[in-house]
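Colleague: fold the following and give me the result.
(2 chains, ligands or ions: 1)
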Amino acid sequence: MTPAEIRSLIVEILANIVPDVDLSQLRDDVPFREQLPLDSMDFLDIVMELRKRFRIQIPEDDYGMLASMASAIEYLSPRLVREKA
Amino acid sequence: MYDTVIIGAGMSGLAAGIRLAQFDRRVCIVEQHSMVGGLNSYYRLNGRTFDTGLHAVTNFAARNEHTRPLVRLMRQLRLDWDWLRLRPQYQSAIVFPDAILRFSNDPELLLSQVADRFPGYQDRVRRLFQSLLDYAQWNSPDASVSTRRRLAELIGEPLLGQMLLCPVMWYGNARPHDMDWGAFCVLFRSIFLEGLARPADGILRILRLLVRRYRQLGGELRLRSPVKRIVIRSGKAEGVELASGEVLLARNVVSSAGWKETLRLCGLPDTCPESEPRLSFVETIYVLNQPTRRLGHGDTMLFYNRTDQFCWQAPDGEPCDLDTGVVCASDNFAYQEDDPGVEPVLRITVLARYDRWAALTDAEYRVQKELWRQRIADVLDKYVPGFRAHVEQTDMFTPRTIRHFTWHDQGAVYGAPHKCRDGRLPVDKLYLCGTDQGLVGIVGAMTSGVLIANQYCLRDGDRG
Ligand SMILES: Cc1cc2nc3c(=O)[nH]c(=O)nc-3n(C[C@H](O)[C@H](O)[C@H](O)COP(=O)(O)OP(=O)(O)OC[C@H]3O[C@@H](n4cnc5c(N)ncnc54)[C@H](O)[C@@H]3O)c2cc1C
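Modeller: Presented below is the predicted three-dimensional model:
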């Protein structure tokens, strides 16, 4: 997957978690929690959705890498190279 | 082989099930009864559907209040907020011999009532509100201190302190006399700062939607399937054995049957003896032939106490204690035009103890029920004068009824006096959710199911 594909995948996952929030203005360099009504429990959902779709395991110590769009893309890119969007 | 078997299709079990099925876990809920809902179910009587345990849903929130527990819960279950069709209360009353306080979902009403009735104490109550908004739930170091003592320090006016305590005890305190400060904070906030509401169509529709959702996600639900024992090998739960003898193997077992009840299913000794009987209720239900407001009763909920000291304990000698109770008028919520018509139903709930009801023969039971039905009606008549003339149908349940349908020890509504907050039992891969994990009520129980599922069944790395 390309970074752009990963980005739209994450937006899709977020849209599932907070369907009533406008995600079109999401900034990649700002932590999700500063822009979206997410709490720590919701990050588990992002992890679980990725696991469900791609069977990738994200250890708990790495959850912090999903804090913003930019860091999530950076973290996921090498892990999703072989996946198709 | 299941990923998780859940014992009980009450609010907590269903929520845990949805949460797990959502992430493709193979999950099966086993329920002894022929219906779902547990303590919060429904039944048919003479052509009418009655809710068993619904007065109001606590934790009211508007759909955009993203940090409120109810909105977070809906988010975790991927359920749309509108779907609950919550209709807020008008206003409720706390009635003591020497004072009445009213509150609504706007905390300012209570503050102004305090200012009128207890001049000079408004700021203290406001500070209490503020501190509760910031309260970090259970992990706070003062979570287990005495609420009565803490309120004496913070409020300093004994009557006011007791009046604030009364609705909180009624909506979720399993401990006699006093309660843990942590539990008080969570419940106080859910009632007074967030507020009360009722789903437009009662509990039935919510249960149906939960079950439909769970099934759509691939979850299995087995009714009339009592668990006889939890299968344990080398200190680790491996599944459950049903009364039929069938064994369901699972990587995790989550139980909402109660703490002691679950230990018993494991064949483990009871390590936590209780010195006092558990709290249970008797509730009498009246369908009225006209709106409650037309009888001059405009309160949604009315919490009363008739003595100088508010006591919270199972009745001493008698089967019931009428000194404190709750009256709920199901039609006094702000319904909307297109809601289905809600019949006026008045409910009055009083404290009761199981052993006094359990010891009766069937004939004695009927006699006692009739006796207490009259006594309870006399009390209700003080708060809703003349209601008797408008009763179309009535029903009544006792701790014996609750025990019969939910299998909870002593027909306890809020479970064991001490809670198992981390949901861990002395058996590996076996977890407790629901009432005895420490979160009660409809929203509390569902939240507990989600928390336990998240904590122990989704994080485990043992799934390929
Ligand atoms: C009269 C009354 C009024 C209430 N009013 C309100 C209210 O207005 N607002 C509110 O928020 N809350 C209210 N509650 C509280 C609320 O109903 C409960 O806190 C909540 O439903 C508890 O859910 P739970 O999942 O923890 O337990 P339960 O609902 O008890 O679920 C446990 C389930 O496990 C099943 N089970 C037990 N043992 C076994 C076994 N061995 N095998 C298989 N299944 C088993 C039981 O049958 C039951 O279905 C009320 C309760 C009562 C009784």
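Colleague: worst-scoring helix or strand of chain A, pLDDT-wise?
Modeller: Within chain A, confidence by mean pLDDT, DSSP states H and E is lowest for helix A:40-54 among all helices and strands, at a mean of 87.
Colleague: pull the CA atoms of whichever helix or strand comes after that helix into PDB?
Modeller: Following helix A:40-54 in sequence order, the next helix or strand is helix A:69-76 (DSSP states H and E). What follows is the C-alpha trace of helix A:69-76 in PDB, where atoms were taken according to Å, rounded to 0.1, in the frame of the first residue of the first chain:
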ATOM      1  CA  MET A  69      -1.700  10.300  10.900                       C
ATOM      2  CA  ALA A  70       1.900  11.100  10.000                       C
ATOM      3  CA  SER A  71       3.400   8.700  12.600                       C
ATOM      4  CA  ALA A  72       0.800   6.000  11.800                       C
ATOM      5  CA  ILE A  73       1.600   6.100   8.100                       C
ATOM      6  CA  GLU A  74       5.300   5.900   8.900                       C
ATOM      7  CA  TYR A  75       4.800   3.000  11.200                       C
ATOM      8  CA  LEU A  76       2.400   1.100   9.000                       C
END
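Colleague: quick one: helix A:69-76 to helix A:40-54, angle?
Modeller: 40 degrees (axes from the mean of the first three to the mean of the last three Cα atoms, to 10 degrees).
Colleague: quick check: residue B:257 touching residue B:227?
Modeller: Yes. Counting by Cβ atoms under 8 Å, residue B:257 sits close enough to residue B:227 to count as a contact (7.5 Å). C-beta: built from backbone N, CA, C; applies to glycine.
Colleague: more neighbours: the two, which one.
Modeller: Legend: neighbour count by other Cβ atoms under 10 Å in any protein chain shown for residue B:257 and residue B:227, higher for residue B:257 (28 against 25).
Colleague: contacts for the least confident helix or strand of chain A next, please.
Modeller: Surrounding helix A:40-54, the residues in contact under the criterion Cβ atoms under 8 Å, 6 or more residues apart in numbering or on different chains are A:9-10, A:13-14, A:16-18, A:56-58, A:63, A:66, A:72, A:76, A:80, A:83, B:23-24, B:72, B:75-76, B:454, B:458-459.
Colleague: show me those that map onto helices.
Modeller: Judged by DSSP state H, the subset of these located in helices is A:9-10, A:13-14, A:16-17, A:72, A:76, B:72, B:75-76.
Colleague: and the residue of chain A that's closest to the ligand?
Modeller: Here chain A gets closest to the ligand at one residue, residue A:41, 19.4 Å apart by Cβ to the nearest ligand atom.
Colleague: number of residues surrounding that residue?
Modeller: Here the neighbour count serves as a burial measure; for residue A:41 (other Cβ under 10 Å) it reads 14.
Colleague: repeat for residue A:15
Modeller: Residue A:15 is surrounded by 13 other residues when neighbours are defined as other Cβ under 10 Å.
Colleague: surely it touches residue A:24?
Modeller: No. Counting by Cβ under 8 Å, no contact exists between residue A:15 and residue A:24, whose distance comes to 10.4 Å.
Colleague: ok, now which ones touch the residue in chain A that chain B sits nearest to?
Modeller: In chain A, no residue comes nearer to chain B than residue A:37, which is 3.0 Å away by Cβ to the nearest Cβ. Listed by Cβ under 8 Å, 6+ apart, the contact partners of residue A:37 are A:18, A:21, B:66-67.
Colleague: hang on, it in a helix?
Modeller: No. The assignment for residue A:37 (DSSP: H, G, I helix; E, B strand; the rest coil) gives coil, which keeps it out of a helix.
Colleague: got the residues of chain B near chain A?
Modeller: Within chain B, the positions lying close to chain A (Cβ under 8 Å from any Cβ of the partner chain) are B:23-24, B:63-64, B:66-67, B:72, B:75-76, B:78, B:80-81, B:454, B:458-459, B:461.
Colleague: 7 Å instead, please
Modeller: Neighbours of chain A within chain B, by Cβ under 7 Å from any Cβ of the partner chain: B:23-24, B:63, B:66-67, B:72, B:75-76, B:78, B:454, B:458, B:461.
Colleague: show me which of those is closest to residue B:345.
Modeller: Among the residues of chain B next to chain A, residue B:63 lies closest to residue B:345 (Cβ to Cβ), at 27.3 Å.
Colleague: how many other residues sit next to residue B:371?
Modeller: Residue B:371: 12 surrounding residues under other Cβ under 10 Å.
Colleague: pLDDT wise, what is it at?
Modeller: Confidence per residue is given as pLDDT, and for residue B:371 that number is 97.
Colleague: in this structure residue B:251 contacts residue B:3, no?
Modeller: Yes. Taking contacts as Cβ atoms under 7 Å, residue B:251 lies within contact range of residue B:3: 5.4 Å.
Colleague: quick check: the residue of chain A closest to chain B vs residue B:377, distance?
Modeller: Here the distance between residue A:37 and residue B:377 works out to 48 Å (Cβ to Cβ, to the nearest Å).
Colleague: stretch B:61-78: end-to-end distance?
Modeller: For stretch B:61-78, the separation between the terminal residues is 16 Å (Cα to Cα, to the nearest Å).
Colleague: beta partners for residue B:86?
Modeller: The bridge-partner assignment for residue B:86, based on DSSP bridges, gives residue B:199.
Colleague: ok, the nearest residue to residue A:60 once chain neighbours are set aside - how many residues close by?
Modeller: The spatial neighbour of residue A:60 that comes closest, neighbours along the chain excluded (Cβ to Cβ, 6 or more residues apart in numbering or on different chains), is residue B:459 at 7.0 Å. When counting by other Cβ under 10 Å, one arrives at 12 neighbours for residue B:459.
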